[in-house]
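**Q** model the following, please.
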Amino acid sequence: MTNSKRVAFLVATEGLEEIELTSPWQAVQEAGFTPELLSTDSGEVQAFNHLDRAGTYPVDREVAGVSPDDYAGLVLPGGVANPDALRTNRDAVAFVAAMVEVGKPVAAICHGPWVLAEADVLKGRTVTSYPSIRTDLRNAGAEVVDERVVVDGNLITSRNPDDLEAFNGAVIEALNHGSASTTAEH
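**A** Below is the predicted model:
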């Protein structure tokens, strides 16, 4: 079933940076889309504020049971442990790769682009991220720049929570247009 108004937020069961989930989630809702929380397991996910436990959030669907046809786009919040766990989950990596391949907007912030590297979708693409994973992204074939938000085709990336305003704006623009265009914003 295709529902062009649903937006997947894919996270591991713990370790996601709370503001990188809640801020884009709110922006997506305010733009008239329906966010849906996907994870590797059912139940709840544990968010963090840096290294401190924050809120828990109910999982809407397990990633193993979803298709790119179900969503208008995908958001990959960061946090150090979250994308590190996602990139070891075959279903999560396959879903991310499929979303990129079909041209849906895929947005990753902070450490989130680690999952893009694991999905092998970065060759020849320009991205940004948290500084500590930039070597990994380069090794995956990406050109890495230090910008608030980078849009390259259907990939949208940002460095950290300080960039959420620009990140959220790029996500909404891409969702409203069904894809993204190549831009870098300072």
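**Q** next, the contact list for the residue sitting nearest the centre point of the chain, please.
**A** Centroid check for the chain by Cα atoms, centre = their mean gives residue 76 as the closest residue, at 1.8 Å. Counting by Cβ atoms under 8 Å, 6 or more residues apart in numbering, residue 76 touches 10, 83, 86, 96, 106, 107, 108, 109, 112, 113, 115, 116. Where you see a C-beta, it was placed from the backbone N, CA and C, and this is true even at glycine.
**Q** now do the second one against residue 34, distance only.
**A** In other words, residue 83. Distance from residue 83 to residue 34, counting by Cβ to Cβ, to the nearest Å: 24 Å.
**Q** rewinding a little: closest one of the contacts of residue 76 to residue 128?
**A** Among these, residue 113 lies closest to residue 128 (Cβ to Cβ), at 8.0 Å.
**Q** please work out how many residues are found near the closest one.
**A** 34 (other Cβ atoms under 10 Å).
**Q** now do the SS call for the closest residue to it other than its chain neighbours.
**A** Nearest non-adjacent residue to residue 113, counting by Cβ to Cβ, 6 or more residues apart in numbering: residue 129, 4.4 Å away. Going by DSSP: H, G, I helix; E, B strand; the rest coil, the secondary structure assigned to residue 129 is coil.
**Q** please verify my assumption that residue 129 contacts residue 138.
**A** No - judged on Cβ atoms under 8 Å, residue 129 makes no contact with residue 138 at a distance of 10.3 Å.
**Q** no more questions from me, cheers.
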